[in-house]
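Provide a 3D model corresponding to the input given below.
(chains A and B)
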2 protein chains.
Amino acid sequence: MKVFSTSAEIYTHVLRERLEGKRVGLVPTMGALHEGHVSLVRQAKSVCDRAVATIFVNPTQFGPKEDLSKYPRTLNEDLEKLDQAGCDYVFTPAELQMYGEGHSTYVEPPQVASRWEGEIRPGHFRGVCTIVLKLFQMIPADIAYLGRKDYQQLAVIRAMVRDLNIPVCIEACETIREPDGLAMSSRNRYLSHEQRHRALGLIRALRIAERLVERGERDVQAVESAMRQELLAAPVDSIDYAAIVDPVTLEPIAEIESSVVAIIAARLGSTRLIDNATIIARR
Amino acid sequence: MKVFSTSAEIYTHVLRERLEGKRVGLVPTMGALHEGHVSLVRQAKSVCDRAVATIFVNPTQFGPKEDLSKYPRTLNEDLEKLDQAGCDYVFTPAELQMYGEGHSTYVEPPQVASRWEGEIRPGHFRGVCTIVLKLFQMIPADIAYLGRKDYQQLAVIRAMVRDLNIPVCIEACETIREPDGLAMSSRNRYLSHEQRHRALGLIRALRIAERLVERGERDVQAVESAMRQELLAAPVDSIDYAAIVDPVTLEPIAEIESSVVAIIAARLGSTRLIDNATIIARR
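Numbers count the residues shown, from 1 in each chain, chains lettered A, B, ... in the order given. You can find the predicted model right below:
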């Protein structure tokens, strides 16, 4: 596994591979890697000739009240995990490499970024879109692998790629979960034993939503209030949202008709967790 | 010369050329081509294996008070000129091809876009950056050829390419002028005989600025007021700006030290003309 730290090097290297006919898969990360990230690399390797991972804690996607400096940084362990997963190249730029002096161009995110995370974390998706666009320019990959756990982020990046004609395919990968159902997240490490237990409220709420729709419930409010009830029973300390939305636009829907997504954001102490489930309503 | 109208076709075609080792030059235009555009194609052909021109009147760079529908459209003549200049491929997308349903991602332009044209034409550079970024994604060229006549646009695109790491070189090409010095522009066709004559105030003002700096003038205000005087003597009907600025940031400068740019925007009737000159102050 080869590690690069400048955009010029990684670009030249990946371009050469592309010119040689190799298929390149990209896994953008902020480090603090867990089994979810590793599975993205494995999927990249199973389809592509080369897997490239990036590790960069992107300052522009953190809000003014969010603590960038506390974000976990575990570079040595991350490199070890990537190497074991068969990753070929890792790009670990310094901040000045990504945001040089005078940097002032940003991406104004698509409509699908405006609600939910976009509302609670102003500027978050502007930072996400900007860094992802930059990485897509620096690393001319065929396919980018993104986890479904950050469902809105996935929808935002898909819309950006479509709107800006970025020549990359977006491959959405299943959320990897702990045996008890908790979605893998770099933030799980912040949970106390007791919070970790209560955090299961998220997956339970999603499963209840699935079961209700499976049994024929088509009323959005009924499903949403059942999700809330389950979250409050866990109990989580607060609910940012628990909603049934359109899978593409992430807009609230009036009635459950075909495919919908249940999305949840809730807090346990100072840790904020998100999760989601795609639910298919059979006629 | 081959004409394409869908992004999928032009992308596949140009990518294949790149994979075969061909060097590709890109000339983005809004049509209504004149000798300035043609010279960009010739320069592209002199350096690259293939020259690609795009013709698209981009609605998002027109302000609410600017008349998109009145922009000159001369497709047949344009194609004739491009063919004669040795252009290999032309991309002439329909509006829906460039801005599909639900399009909502834009580029937030760099700092250098904020003054001058950016102030007078709010949203203009947001539209310019967005369409140029899109074209750079659809047409993976090695070099993009842009005219120096739209000096701020050139500086904005340079900054965007740098900030977003877009893998394309920007080649700035000299302004092509009529024998009497008027900068070629698609808008010149709107000038009456009498306005056409008065429009020479712009080049005269730039030449006066050059001469003053050549003779040792280092006071910005003295040079700017000489430019204004010349413009008002022409007379132009109004001056949007006539300024001496930093060549990279386009910020006003305190004193003329090395290289500066004189920029002018003035109106003749309802026609707005811009022009500029890079001036090197010798010590």
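
contact residues of chain A facing chain B?
Residues of chain A that fall close to chain B, judged by Cβ under 8 Å from any Cβ of the partner chain: A:7, A:11, A:15, A:18-19, A:21, A:100, A:102-112, A:126, A:129-130, A:133-134, A:137-138, A:140, A:159-160, A:162-167. (Each C-beta comes from the backbone N, C-alpha and C, glycine too.)

which ones among those residues lie within helices?
Among the residues of chain A next to chain B, DSSP state H puts A:7, A:11, A:15, A:18-19, A:126, A:129-130, A:133-134, A:137-138, A:159-160, A:162-163 in helices.

tell me the buried residues within the residues of chain A next to chain B.
Buried by 16 or more other Cβ atoms under 10 Å in any protein chain shown: A:7, A:11, A:18, A:103, A:105-112, A:126, A:129-130, A:133-134, A:137-138, A:140, A:159-160, A:163-167, out of the residues of chain A next to chain B.

so who does A:T6 touch?
A:P93, A:Q97 (Cβ atoms under 8 Å, 6 or more residues apart in numbering or on different chains).

tell me the pLDDT at it?
According to the prediction, A:T6 has pLDDT 97.

re earlier: what's the most distant pair in the ones in helices among the residues of chain A next to chain B?
The span of those, defined through Cβ to Cβ, is set by A:L19 and A:R126 at 33.1 Å.

next, give phi and psi for the spatially closest residue to A:I10 that is not a sequence neighbour.
For A:I10, ignoring the flanking residues on the chain, the nearest one in space by Cβ to Cβ, 6 or more residues apart in numbering or on different chains is A:F4 at 4.3 Å. Here is the backbone geometry of A:F4 (degrees, to the nearest 10): phi -120, psi 150.

tell me how many other residues surround A:F4.
For A:F4, the neighbour count with other Cβ atoms under 10 Å in any protein chain shown is 21.

does it touch A:Y89 like I think?
Yes - using Cβ atoms under 8 Å, A:F4 is in contact with A:Y89, at 6.4 Å.

what is in contact with these two at once?
Shared contacts of A:F4 and A:Y89, defined by Cβ under 8 Å, 6+ apart, are found at A:I10, A:H13.

identify the residues contacting stretch A:66-80?
For stretch A:66-80, the external contacting residues (Cβ under 8 Å, 6+ apart) are A:1, A:3, A:29-33, A:55, A:57, A:59, A:62, A:90, A:92, A:121, A:186, A:189.

just these: which are in strands?
A:V3, A:T29, A:I55, A:V90 (DSSP state E).

of those residues, closest to A:D180?
Nearest to A:D180 among the ones in strands among the contacts of stretch A:66-80 is A:T29, at 24.1 Å by Cβ to Cβ.

hang on, that closest one packs against A:I55?
Yes - counting by Cβ under 8 Å, A:I55 is a contact partner of A:T29 at 5.7 Å.

and for A:E95, the neighbour number?
Neighbouring residues of A:E95 were enumerated by other Cβ under 10 Å; the total is 11.

cool, and A:A53?
Number of residues near A:A53 (other Cβ under 10 Å) recorded here: 31.

do A:F62 as well
Residues near A:F62, counting by other Cβ under 10 Å, number 18.

quick one, grab the pLDDT at the residue nearest to it when sequence neighbours are not counted.
Counting by Cβ to Cβ, 6+ apart, A:F62 lies nearest to A:L68, which is 4.3 Å off, once chain neighbours are set aside. Note on A:L68: pLDDT of 92.

who are the contact partners of the residue most central in space within chain A?
Nearest residue to the geometric centre of chain A (Cα atoms, centre = their mean): A:D150, 3.3 Å. Counting by Cβ under 8 Å, 6+ apart, A:D150 touches A:I274.

nearest spatial neighbour of whichever residue of the stretch 151-283 of chain A sits closest to chain B, chain-adjacent residues omitted?
Residue nearest to chain B within the stretch 151-283 of chain A: A:D163 (3.7 Å; Cβ to the nearest Cβ). If the residues on either side of it in the chain are set aside, A:D163 comes closest to B:T105, at 3.7 Å by Cβ to Cβ, 6+ apart.

let me know the pLDDT of that neighbour.
For B:T105, the predicted pLDDT is 98.

now do A:Y99
pLDDT, A:Y99: 98.

these two touch, right, it and A:F56?
No - the pair A:Y99 / A:F56 is not scored as a contact, 10.2 Å apart, by Cβ under 8 Å.

domain ranges for chain A, per the record?
In terms of domains, chain A is parsed into A:2-173, A:186-277 (source: automatic domain parsing).

of those domains, give the one that comes closest to B:G269.
Smallest distance to B:G269 across the domains of chain A (Cβ to Cβ): 34.9 Å, for domain A:2-173.

got a list of what A:P59 touches?
The contact partners of A:P59, taken as Cβ under 8 Å, 6+ apart, are A:L68, A:E95, A:Y99, A:G127.

which among these end up buried?
For the contacts of A:P59, buried by 16+ other Cβ under 10 Å: A:Y99, A:G127.

let me know the closest of the contacts of A:P59 to chain B.
Ranked by distance to chain B (Cβ to the nearest Cβ), those are led by A:Y99 at 8.3 Å.

where does that closest one fall, phi/psi-wise?
Here is the backbone geometry of A:Y99 (degrees, to the nearest 10): phi -130, psi 90.

those helices in chain A, which residues are they?
Along chain A, the stretches classed as helices by DSSP H are A:7-19, A:35-47, A:75-84, A:95-98, A:117-120, A:124-138, A:151-163, A:193-198, A:200-214, A:220-233.

isn't A:F62 up against A:I131?
No - contact status for A:F62 versus A:I131: not in contact, 11.2 Å apart, counting by Cβ under 8 Å.

just give the closest residue to A:P28, not the sequence neighbours.
In space, and not counting its chain neighbours, A:P28 is closest to A:T54: 4.8 Å by Cβ to Cβ, 6+ apart.

what of A:H124?
Once flanking residues are discounted, A:H124 sits nearest to A:Q61: 5.3 Å by Cβ to Cβ, 6+ apart.

quick check, that neighbour in contact with A:V128.
Yes - using Cβ under 8 Å, A:Q61 is in contact with A:V128, at 4.8 Å.

between these two, which has more neighbouring residues?
Between A:Q61 and A:V128, counted using other Cβ under 10 Å, A:V128 has the larger neighbour count: 26 against 21.

contact partners for that one?
Counting by Cβ under 8 Å, 6+ apart, A:V128 has contacts A:N58, A:Q61, A:P109, A:Q153, A:V156, A:I157.

what's the most buried one of the helices of chain A?
helix A:124-138 (a mean of 24; mean count of other Cβ atoms under 10 Å in any protein chain shown).

that helix - what's its average pLDDT?
What helix A:124-138 shows for mean pLDDT is 98.

with stretch A:29-48 instead?
Within the predicted structure, the mean pLDDT of stretch A:29-48 is 98.

distance from the chain centre to that stretch, please.
Put simply, stretch A:29-48 sits 12 Å off its chain's centre (Cα atoms, centre = their mean, to the nearest Å).

mind listing what the residue nearest to A:I274 when sequence neighbours are not counted touches?
In space, A:I274 comes closest to A:A265 once its chain neighbours are excluded; the distance is 4.6 Å by Cβ to Cβ, 6+ apart. Neighbouring residues of A:A265 by Cβ under 8 Å, 6+ apart: A:W116, A:E117, A:I120, A:I239, A:D240, A:Y241, A:A242, A:R272, A:L273, A:I274.

show me what A:A265 bridges to in the sheet.
For A:A265, the beta-bridge partners under DSSP bridges are A:Y241, A:I274.

if we can go back for a sec, list the contacts of the residue nearest to A:H124.
With contact set as Cβ under 8 Å, 6+ apart, A:Q61 has these partners: A:G123, A:H124, A:F125, A:R126, A:G127, A:V128, A:I131.
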